[in-house]
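# A structural model of the following input is requested.
(chains A and B, ligands or ions: 2)
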Amino acid sequence: MKKNWPLWEVFVRSKNGLEHRHFGSLHAVDAEMALENARDVYTRRNEGVSIWVVESKHITASNPEHNGELFEPAQDKVYRHPTFYNLPDEIKHM
Amino acid sequence: MSEEQIKNLEEQFEARIVRDDKIEPKDWMPEKYRQTHIRQISQHAHSEIVGMLPEGNWITRAPSLRRKVALLAKVQDEGGHGLYLYSAAETLGISRDEMFEQLHSGKAKYSSIFNYPALTWADMGAIGWLVDGAAIINQVALCGTSYGPYARAMVRICKEESFHQRQGYEIMLKLSEGAQEQKDMAQDALNRFWWPSLMMFGPKDDESPHTAQSMKWKLKRKTNDDLRQQFIDQTVPQAELIGLTIPDPDLKWNEEKKGYDFGPIDWDEFWQVVKGHGPCNKERMKARVNAWEEGTWVRDAAMSYAEKQQKRKEKQAV
Ligand SMILES: [Fe+2]
Ligand SMILES: [Fe+2]
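Ligands and ions are numbered 1, 2, ... in the order given. This is a model prediction of the structure:
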């Protein structure tokens, strides 16, 4: 019986102080192997100090078709930005 | 979806590409865009993997430890490149297994250059210098391509490639400083790899039917002939510097176009190799199929072991 190795997403922190960033994906039988493979595939040149792996099927992604309702409402909320507010020019440090 | 709606989506899609918006896996895309990308990305991945074979063959015979670690690292990189690209192709909805199946059945192609044999140590020099050199030119042009996962894979790959070319050129340099036999060996490798390297850029523009579409999707930023010219112009002085002769009697600097004119490429040979009649097509495919088939039990065992471990963990948790 043939079963394909599941797909994993790999996140790497390139140095302390920075967040983990998505680097790519790979196939592995379990989390341990995914970590080992991620080390060989994505960090051959000191690209990282920490790796996260998560099986791709556990990621819930937003649907680009809903980008309108999800992200457009933020576009007309200019009052969330400092430039929206009119202050006298003499004001400093604000 | 009505035809009208699809046409609308297609127009929006093309407009996104024009304004350099990247296309991401879950975005709507025309079926032809998807299929073309699956084909190109998977063939690119296959080229990286099959490309490990001619060089892998020389690792145990590298003339020094320095050369050996470099070649080993390079071949490992090529494996990595294949993996980045297979994952990028998978985001378009094809499975890894399907891609292997297409490679093994001969349905999918890979770069023809890897169907030439690596006969001497100097070939490791020529391959790094010329084959990786040509690949870099192709790949740099792809870093700005429209499909996000492909472009990101290309950026990583390009960063890693430059040592490949330099280690190859260094091999040629050393040989050209050596005994007459070593010089001859370097020249012989250049003689054999020069023309196949020029063919790596693909058919001439007027015989390349997909160029227009590929340019539109930014799968190509420059035409085959432009990239080939760029390769020749940058490589000829590198050969001269180490006293090697490009095997082309028609090669001549053209002051007007600020580039070299060169002799005719044997496109019959190119198509023969593409169609499977190159010197090593059968050998390369056999090596890949064997590796896949003989590895089946390892893949299956690893999977069953993982499942067993998982079950054991679940039991303990109860
Ligand atoms: Fe590569
Ligand atoms: Fe390379």
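
# Neighbours of B:K183, how many?
B:K183 has 17 neighbouring residues, counting by other Cβ atoms under 10 Å in any protein chain shown. No exception for glycine: its C-beta is placed from N, CA and C like everyone else's.

# In contact with it, which residues?
Each residue near B:K183 by Cβ atoms under 8 Å, 6 or more residues apart in numbering or on different chains is listed here: B:L175, B:S176, B:G243.

# and it, what helix or strand is that in?
B:K183 belongs to helix B:180-199 when assigned by DSSP states H and E.

# Throw the contacts of B:K183 into TSV and include distance to chain A and pLDDT, thanks.
Formatted as TSV, those follow (distance: Cβ to the nearest Cβ, whole Å; pLDDT from 0 to 100):
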residue	distance to chain A	pLDDT
B:L175	28	98
B:S176	29	98
B:G243	33	97
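
# Mark which of those are buried, thanks.
Applying 16 or more other Cβ atoms under 10 Å in any protein chain shown to the contacts of B:K183, the neighbour count classes B:L175, B:S176 as buried.

# Sort out for me which of the contacts of B:K183 are in helices.
Here DSSP state H is the test, and the contacts of B:K183 give B:L175, B:S176 as lying in helices.

# So B:E10 versus B:R39, what's the distance?
From B:E10 over to B:R39 the distance is 19 Å, taken as Cβ to Cβ, to the nearest Å.

# ok, now B:G168?
Taken as Cβ to Cβ, the span from B:G168 to B:R39 is 29 Å.

# How many neighbouring residues does the closest residue to A:R80 other than its chain neighbours have?
Leaving out its chain neighbours, the residue that sits closest to A:R80 by Cβ to Cβ, 6 or more residues apart in numbering or on different chains is A:A74, at 7.8 Å. A count of nearby residues for A:A74, using other Cβ under 10 Å, gives 8.

# And the residue in chain A positioned nearest to ligand 1, what's its pLDDT?
Relative to ligand 1, the nearest point of chain A is A:R44 (12.7 Å; Cβ to the ion). In the prediction, the pLDDT value recorded for A:R44 is 93.

# burial measure for residue 37, as a count.
No chain was given, so I picked chain A. If we define neighbours as other Cβ under 10 Å, then A:N37 has 19 of them.

# The intended chain is chain B.
Counted with other Cβ under 10 Å, the neighbours of B:H37 add up to 24.

# Spit out the contact partners of it.
Contacts were defined as Cβ under 8 Å, 6+ apart; by that measure B:H37 touches B:A89, B:L92, B:Y147, B:Y150, B:L219.

# Next step: those restricted to helices.
Taking DSSP H as the definition of helices, the contacts of B:H37 contribute B:A89, B:Y150.

# just curious, which of the contacts of B:H37 is nearest to ligand 1?
When the contacts of B:H37 are ranked by distance to ligand 1 (Cβ to the ion), B:Y150 comes first, at 14.1 Å.

# That closest one reaches B:L142, doesn't it?
Yes: look at B:Y150 against B:L142 with Cβ atoms under 8 Å: they come within range, at 7.1 Å.

# which residues sit against the strand or helix carrying B:A15?
According to DSSP H and E, B:A15 maps onto helix B:3-18. Helix B:3-18 has contacts (Cβ under 8 Å, 6+ apart) with B:M1, B:I23, B:W28, B:M29, B:P30, B:Y33, B:S146, B:K216, B:W217, B:K218.

# and the longest helix for chain A?
helix A:31-42.

# And the next helix or strand past it?
By DSSP H and E, the next helix or strand past helix A:31-42 is strand A:50-55.

# and that next one, what does it pack onto?
In terms of contacts (3 or more Cβ pairs under 8 Å, 6 or more residues apart in numbering or on different chains; DSSP states H and E), strand A:50-55 is packed against strand A:7-13, helix A:31-42.

# And for residue 60, the neighbour number?
Picked chain A for this. Neighbourhood size, A:T60 [other Cβ under 10 Å]: 5.

# not quite, I wanted chain B
Applying other Cβ under 10 Å, we find 9 other residues in the vicinity of B:T60.

# Going by neighbour count, list what's buried in stretch B:263-282.
Within stretch B:263-282, the residues scored as buried using 16+ other Cβ under 10 Å are B:I265, B:F270, B:V273, B:V274, B:G278, B:C280, B:N281.

# Just the closest of these to B:Q180, please.
Distances from B:Q180 to the buried residues of stretch B:263-282, taken as Cβ to Cβ, are shortest for B:C280 (28.9 Å).

# Check the contact between that closest one and B:N115; I expect there is one.
Yes: B:C280 is within contact range of B:N115, at 4.8 Å (criterion: Cβ under 8 Å).

# pull the CA atoms of stretch B:30-42 into CSV?
Taking C-alpha atoms only, stretch B:30-42 is exported to CSV below (Å, rounded to 0.1, in the frame of the first residue of the first chain):
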residue,chain,number,x,y,z
PRO,B,30,-6.3,31.4,-16.6
GLU,B,31,-6.0,27.6,-17.1
LYS,B,32,-3.3,28.2,-19.7
TYR,B,33,-1.2,30.2,-17.2
ARG,B,34,-1.5,27.3,-14.7
GLN,B,35,-0.6,24.6,-17.2
THR,B,36,2.3,26.6,-18.7
HIS,B,37,3.8,27.2,-15.3
ILE,B,38,3.4,23.6,-14.1
ARG,B,39,5.2,22.5,-17.3
GLN,B,40,8.0,25.0,-17.0
ILE,B,41,8.6,24.8,-13.3
SER,B,42,8.5,21.1,-13.1
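
# Counting neighbours, which bits of that stretch end up buried?
Neighbour-count burial for stretch B:30-42 flags B:Y33, B:T36, B:H37, B:I38, B:R39, B:Q40, B:I41, B:S42 (criterion: 16+ other Cβ under 10 Å).

# what does stretch A:84-94 give?
Within stretch A:84-94, no residue is scored as buried using 16+ other Cβ under 10 Å.

# And for stretch A:42-58?
Within stretch A:42-58, the residues that count as buried by 16+ other Cβ under 10 Å are A:Y42, A:T43, A:G48, A:I51, A:W52, A:V53.
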